[in-house]
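> next come a sequence and a model predicted from it.
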Amino acid sequence: MSLRFGTGGWRAVIGEEFTRQNIRLLCAALAEQLKADGAAAQGFTIGYDRRFLSREAAIWCAQVLCGAGISVQLIDRESPTPLIMFWVEAQKLGGGLAVTASHNPAIYNGIKIFLPGGRDADEAYTSALEARIAALESANLPIKELDPEIAQAQGLLTLIDPMNSYIDSILNALDLAAIRQRRLKIAMDPMYGVSKTALQTVLLTARCDVDVIHDRHDTLFGGRLPAPNAHTLLHLQNFVLENKCDIGLATDGDADRLGVIDDKAEFLHPNKILVLLYYYLLQYKGWRGPAVRNIATTHLLDAIARDFGQTCYEVRVGFKNISAKMLKTDALIGGESSGGLTVKGHIQGKDGIYAASLLVEMIAVSGQRLSSLWSEIEQRYGHYEMTEQDFSFSDARKAEIAALLLDQKQLPDFGRPIAHISYADGCKVYFSDGGWIIARFSGTEPLLRIFCEMQTMREASATARLLQEFLGL
C-alpha cells in the first residue's frame, strides 16, 4: 500500500497504516529526496507531540535518516509543531518533520514534513516523495538504519531543546509593556497537547494571570477530539464565565491551531480570530499588506483589505498554499477557517501559540475587550455569517458525489443569481450578492465539507440545506 499525503501531511490510523514499516519506508524515501535536492548536507530536525507512539516514531525516523548519512537534530521533548518549523528556519536546515496527526482523533498519528525556511512541504514535493515511496516499496530492498547510540557517537544524531529560543522569538515580537499594564486574566486549555510550556511562559512573562485546564499527558485527549471548536471547548467556556476571565485560549493537539472564548464566554469562530487580527494590524498597529485566505474562509477579510487599499488573495485549502502565496505577495497575514494562521515576520506556517499571544497584545494595545472590538468591525463592515457541516460516506457514495458535483458539474437551483463557479478545489459557487457556498472533500479525513457564508445565518443554513439535499446527504 503506497502512502498518500493530504493537505496536512501523512495521517493514518495507528496499527493499520501508521506502522514502523511504513514510517521507515517514508523516511528512506525522504532521505533520497533530501539528497536529490541537495538539502541533506544542511541537516534535518525531528520533533514529536504527545500522541501514542509519537516519540518512538520520531526515533525510528532518526534511525533511518542517520542510516542514510544525514545529520539529525532530534528535539528531546514533546514539542509544538510551530517550534519545529521555527527551528528549521532559525538554523537554516535542509528540512524537518513533526510526528503528529494534529487535530485528528486519538487513533490517528502521522508525519508533517517541512522544507528549508520552515514551510510546509508543497504538493510538488509530496507527490515526488510518494513516487519514491512507491518505488522503494516495489523494490522491497532492506532499509539501512543506525542505532541511536552509534549515531550519536558518530556525530550524526544530536539531542536538542530549542524551546527557549522559540519562546524568546515570540516575546521579542510582542508589545510586552502594553500587556503588562493591563494585567489580564487568562484561561488556557492545551487540550492535553503540547502548548502549555511555551504559551504559559509567554503569558506569565507578560504578567498575565493564567489558569490552565486539561494539561496532563493523555494520549486519548480526555476522550475528546483535540480540535478547538465550539463543541470541545465547553469546559473552557464555563471556566471563563465562572472566573470572569478576559479571554480563554485553546490550542489543538500539536498547537498549530487556535480556539478562543471571548470575554462574554462565547466561542469565537476562527474566521473572527483571523479578521480581528488583520483589522488590529491595519487599524491599530498601522501595518500595511495583503491578506491570504483559503477558499473556505470568510470574505470579510476581502472587505477589510479593500477598505485599507489592500488585496485579499484566495488559494486552495492547505496551509502550504497560504504560505506560498504569502511569500509571493509579501502578505501581512494568512489563515483559514479551521483555526490556523500566521503573520508576516514569524514562521512560514500555522502557529496557535503566537496567534494566541498576538490576541492578548491586541486586547492590551486597543484597550478594548474582544466583544467590543468585534462590534466595531461589524459596525464598519456589516454582518457575515457562516455555516459549516461535515458528512461522512462510503467509498461508493464518494464516487457518486464526485461524479455529480465535479464531473457532471450539476447544482441545485439556489434561487439567487450566480456570479461565477470555481472548481479549483471542490466546487465553490459565488453569488452576485457577495455570498458563497463550497463543497469539497477533506484532505485529512474521509469527509465532505460544506461551507456557506451569507449576511444572515438563516440564509446560510437554507442555502447549505439545498446543496445537502441535492447531494443526498
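Perfect, I can see it now. Numbers count the residues shown, from 1 in each chain.
> how's this protein carved up into domains?
In the domain annotation for the chain, the residue ranges read 10-161, 166-381, 385-470 (automatic domain parsing).
> and the end-to-end length of the second one?
The separation between the terminal residues of domain 166-381, taken as C-alpha to C-alpha, to the nearest Å, is 36 Å.
> take the domains of the chain and write them to JSON lines, including mean pLDDT and distance to residue 3.
All C-beta spots, glycine's among them, are computed from the backbone N, C-alpha and C. Listed next are these as JSON lines, based on pLDDT from 0 to 100; distance: least, C-beta to C-beta, whole Å:
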{"stretch": "domain 10-161", "mean pLDDT": "96", "distance to residue 3": "5"}
{"stretch": "domain 166-381", "mean pLDDT": "95", "distance to residue 3": "17"}
{"stretch": "domain 385-470", "mean pLDDT": "92", "distance to residue 3": "14"}
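> tabulate these in TSV, adding columns for mean neighbour count and distance to residue 2.
As requested, the domains of the chain are exported to TSV (neighbours: other C-beta atoms under 10 Å; distance: least, C-beta to C-beta, whole Å):
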stretch	mean neighbour count	distance to residue 2
domain 10-161	20	4
domain 166-381	21	20
domain 385-470	16	17
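> mind putting the ones you listed into a markdown table with distance to residue 4?
A markdown table is the format used below for the domains of the chain (distance: least, C-beta to C-beta, whole Å):
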| stretch | distance to residue 4 |
| --- | --- |
| domain 10-161 | 6 |
| domain 166-381 | 14 |
| domain 385-470 | 10 |
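> would you agree residue 361 falls within a strand?
No: according to DSSP: H, G, I helix; E, B strand; the rest coil, residue 361 belongs to no strand; its state is helix.
> which residues does it contact?
Neighbour list for residue 361: 174-175, 178-179 [criterion: C-beta atoms under 8 Å, 6 or more residues apart in numbering].
> where along the stretch 201-350 of the chain do the helices fall?
Assigned by DSSP state H, counting those that start in this stretch, the stretch 201-350 of the chain shows helices spanning 234-243, 270-279, 300-307, 319-329.
> returning to what we had before: out of the contacts of residue 361, which sit inside helices?
178-179 (DSSP state H).
> farthest pair in the contacts of residue 361?
Farthest apart among these by C-beta to C-beta are 174 and 178. That separation is 8.6 Å.
> among the helices of the stretch 201-350 of the chain, which is nearest residue 440?
helix 319-329 (13.2 Å).
> contacts for the closest one next, please.
With contacts defined as C-beta under 8 Å, 6+ apart, helix 319-329 is touched by 7-8, 119-123, 290, 292-294, 311, 313, 315, 331, 334-336, 340, 342, 344, 348-350.
> picking that back up, any chance of CSV for the helices of the stretch 201-350 of the chain, columns distance to residue 225?
Converted to CSV, those look like this (distance: least, C-beta to C-beta, whole Å):
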stretch, distance to residue 225
helix 234-243, 13
helix 270-279, 15
helix 300-307, 26
helix 319-329, 19
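> tell me which of those sits nearest to residue 408.
So among the helices of the stretch 201-350 of the chain, helix 319-329 is nearest, using C-beta to C-beta, at 26.5 Å.
> alpha carbons only: can I get that closest one in PDB?
In PDB, the C-alpha atoms belonging to helix 319-329 read as follows (Å, rounded to 0.1, in the frame of the first residue of the first chain):
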ATOM      1  CA  PHE A 319      -1.700  25.900   4.700                       C
ATOM      2  CA  LYS A 320       1.200  25.200   2.300                       C
ATOM      3  CA  ASN A 321      -0.800  27.100  -0.300                       C
ATOM      4  CA  ILE A 322      -1.300  30.000   2.100                       C
ATOM      5  CA  SER A 323       2.400  30.100   3.000                       C
ATOM      6  CA  ALA A 324       3.500  30.100  -0.700                       C
ATOM      7  CA  LYS A 325       1.100  32.900  -1.600                       C
ATOM      8  CA  MET A 326       2.200  35.000   1.400                       C
ATOM      9  CA  LEU A 327       5.800  34.700   0.300                       C
ATOM     10  CA  LYS A 328       4.800  35.600  -3.300                       C
ATOM     11  CA  THR A 329       2.700  38.600  -2.400                       C
END
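> that helix: how far from the chain's middle?
14 Å (C-alpha atoms, centre = their mean, to the nearest Å).
> residue 420 - that's part of a strand, no?
Yes: according to three-state DSSP, residue 420 belongs to a strand.
> spatially central residue for this protein, please.
For the chain, the residue nearest the mean C-alpha position is residue 340 (4.1 Å; C-alpha atoms, centre = their mean).
> so who does the closest residue to it other than its chain neighbours touch?
Nearest residue to residue 340 in three dimensions, chain neighbours excluded: residue 350, at 3.5 Å (C-beta to C-beta, 6 or more residues apart in numbering). Residues in contact with residue 350 (C-beta under 8 Å, 6+ apart) are 81-82, 256-257, 319, 340-342.
> between the residues you listed, which sits nearest residue 359?
residue 341 (10.4 Å).
> ok, that closest one - contacts?
Residue 341 touches 258, 270, 273-274, 277, 333-335, 350-351, 355, counting by C-beta under 8 Å, 6+ apart.
> got these as CSV, with distance to residue 206 columns?
As requested, these are exported to CSV (distance: C-beta to C-beta, whole Å):
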residue, distance to residue 206
258, 17
270, 23
273, 19
274, 22
277, 17
333, 21
334, 25
335, 23
350, 22
351, 17
355, 15
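> circling back to that earlier point, does the residue nearest to the centre of the chain touch residue 254 like I think?
No: counting by C-beta atoms under 8 Å, residue 254 is not a contact partner of residue 340; they are 10.8 Å apart.
> and the closest residue to residue 11 other than its chain neighbours, what does it touch?
Using C-beta to C-beta, 6+ apart and skipping the chain neighbours, the partner closest in space to residue 11 is residue 110 (3.4 Å). Counting by C-beta under 8 Å, 6+ apart, residue 110 makes contact with 8-12, 18, 99-102, 104.
> the helix or strand containing residue 110 pairs with which strands?
Assigned by DSSP states H and E, residue 110 belongs to strand 108-115. The strands beside strand 108-115 in its sheet (DSSP bridges) come out as strand 10-13 (antiparallel), strand 96-99 (antiparallel), strand 119-120 (antiparallel).
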